[in-house]
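>>> requesting a structural model of the entry that follows:
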Amino acid sequence: MARRLTPWRWAVLGLAALYFLVPLGASVVFTVDEPGRGISFDAYTKILSTDGFVSSLLLSLELALATIAVVLLLMVPAMVALRLGAPRLRPVVEIVCSLPLVVPPIAFVAGIVSVLKWGPDQLSRTPLFETFVAIQNPSFPVVLVLAYVVMALPFVYRALDAGLRAIDVRTLVEAARSCGASWPQALVRAVLPNIRGALLNAGFLTLALVLGEFTVAQLLGYQPFAVWIYNVGGSQAQMSVAVSVLSLLVTWALLLALAGVGGGRNRTANSRG
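Next up is the predicted model:
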């Protein structure tokens, strides 16, 4: 039976709504209100034709997809193996995965820059020199993918840990193995289907991180979507805010869609049960 919201809960929800909606509404008003002309939607209609918008957005999406793929390929097998073979190491892995929350982005970028400067100098006569050059290709900077993988570890770890805690991993793997499945088959066919919600959460959090990350990309000299918004803001403030508003709305839509998918699956599982 659904709970009825008490007045103080309505008050808390109202304050939270005001906290989020008032700045958003003010941003929308700023983008459509032009002094002397009244209401104009030029800031929105000109977004697609603005130089650099499509290329920067596509670059961010490519970086996000690559980051999601790499971080999940690293973390899913590692966390399953951790739960099956070495559960006592879980606190150690948790601390290691939480370190990116402690290290300031400026210090993180400084370390990356130091390595990128040290590599070509020390490895100029080795095949690894070409690797250092390739990962800094402006068309697809792999160095940003590596940095984003590290930055996404805390969020991916939490999402996957919650999903794996909700199922009996050992029983699922042992059942799959007893049916003749190999270890990779047991992981793909028995474990992954039962943590789809956790995988979606991890992917969405990583996508939001990459689309909104600014410091690392700016200091390394690349121009993904967040950096493009900042650069446009210097000359076209209304358009910069308009793009930010649209990005926020798209992020909310993805979050609601993810919540709807998760809720629908839960209702289906409950009805079957």
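>>> in stretch 62-78, what's buried?
Residues of stretch 62-78 classed as buried under the neighbour-count rule (16 or more other C-beta atoms under 10 Å) are 63-64, 66-68, 70-72, 75-76. The way it works is simple: take the backbone N, C-alpha and C, and place the C-beta from them, glycine included.
>>> ok, now which ones touch the spatially most central residue of the chain?
Per C-alpha atoms, centre = their mean, the C-alpha nearest to the average position across the chain is that of residue 206, at 1.6 Å. Under the criterion of C-beta atoms under 8 Å, 6 or more residues apart in numbering, the contact list for residue 206 reads 64, 67-68, 71, 148, 152, 155-156.
>>> could you say which helix or strand holds it?
Remark: residue 206 resides in helix 196-212, with elements defined by DSSP states H and E.
>>> what of residue 149?
Taking DSSP H and E as the definition, residue 149 sits inside helix 142-165.
>>> next, the angle from that helix to helix 196-212.
Using axes from the mean of the first three to the mean of the last three C-alpha atoms, to 10 degrees, the inter-axis angle of helix 142-165 relative to helix 196-212 is 150 degrees.
>>> could you point out which element follows helix 142-165?
Taking DSSP H and E as the definition, the helix or strand right after helix 142-165 is helix 169-178.
>>> tell me the mean pLDDT for that next one?
Rounded to a whole number, the mean pLDDT of helix 169-178 is 88.
>>> residue 184: neighbouring residues, count only.
The local packing of residue 184 (other C-beta atoms under 10 Å) involves 9 other residues.
>>> ok, and what's touching the strand or helix carrying it?
Applying DSSP H and E as the criterion places residue 184 in helix 183-186. Contacting residues not belonging to helix 183-186 are listed as 172-173, 176-177 [C-beta under 8 Å, 6+ apart].
>>> how about 10 Å then?
77, 80-81, 84, 169, 172-180, 192 (C-beta atoms under 10 Å, 6 or more residues apart in numbering).
>>> residue 82 contacts residue 93, correct?
Yes: assessed by C-beta atoms under 10 Å, residue 82 is found in contact with residue 93 at 6.0 Å.
>>> any common contacting residues for the two?
When C-beta under 10 Å, 6+ apart defines a contact, the residues bordering residue 82 and residue 93 alike are 75, 161.
>>> okay, these two: which has more neighbours?
In this view residue 82 and residue 93 are compared by other C-beta under 10 Å, and residue 82 has more residues nearby, 20 against 17.
>>> what's the spacing between the more buried one and residue 72?
To residue 72, residue 82 is 15 Å away according to C-beta to C-beta, to the nearest Å.
>>> in the helix or strand containing residue 20, what counts as buried?
Element membership for residue 20 (DSSP H and E) is helix 7-32. With burial defined by 16+ other C-beta under 10 Å, the residues of helix 7-32 counted as buried are 27, 31-32.
>>> swap in stretch 216-229?
216-220, 222-229.
>>> could you list which of these belong to helices?
Judged by DSSP state H, helices contain the following of the buried residues of stretch 216-229: 216-220, 225-229.
>>> okay if I get those residues as TSV plus distance to residue 238?
As requested, these are arranged in TSV below (distance: C-beta to C-beta, whole Å):
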residue	distance to residue 238
216	27
217	23
218	22
219	27
220	28
225	18
226	18
227	19
228	15
229	12
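>>> let's have these in JSON lines, adding distance to residue 123 and pLDDT.
Conversion of these to JSON lines gives the following (distance: C-beta to C-beta, whole Å; pLDDT from 0 to 100):
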{"residue": "216", "distance to residue 123": "23", "pLDDT": "93"}
{"residue": "217", "distance to residue 123": "25", "pLDDT": "93"}
{"residue": "218", "distance to residue 123": "27", "pLDDT": "92"}
{"residue": "219", "distance to residue 123": "23", "pLDDT": "91"}
{"residue": "220", "distance to residue 123": "19", "pLDDT": "91"}
{"residue": "225", "distance to residue 123": "32", "pLDDT": "88"}
{"residue": "226", "distance to residue 123": "31", "pLDDT": "88"}
{"residue": "227", "distance to residue 123": "29", "pLDDT": "90"}
{"residue": "228", "distance to residue 123": "32", "pLDDT": "87"}
{"residue": "229", "distance to residue 123": "36", "pLDDT": "84"}
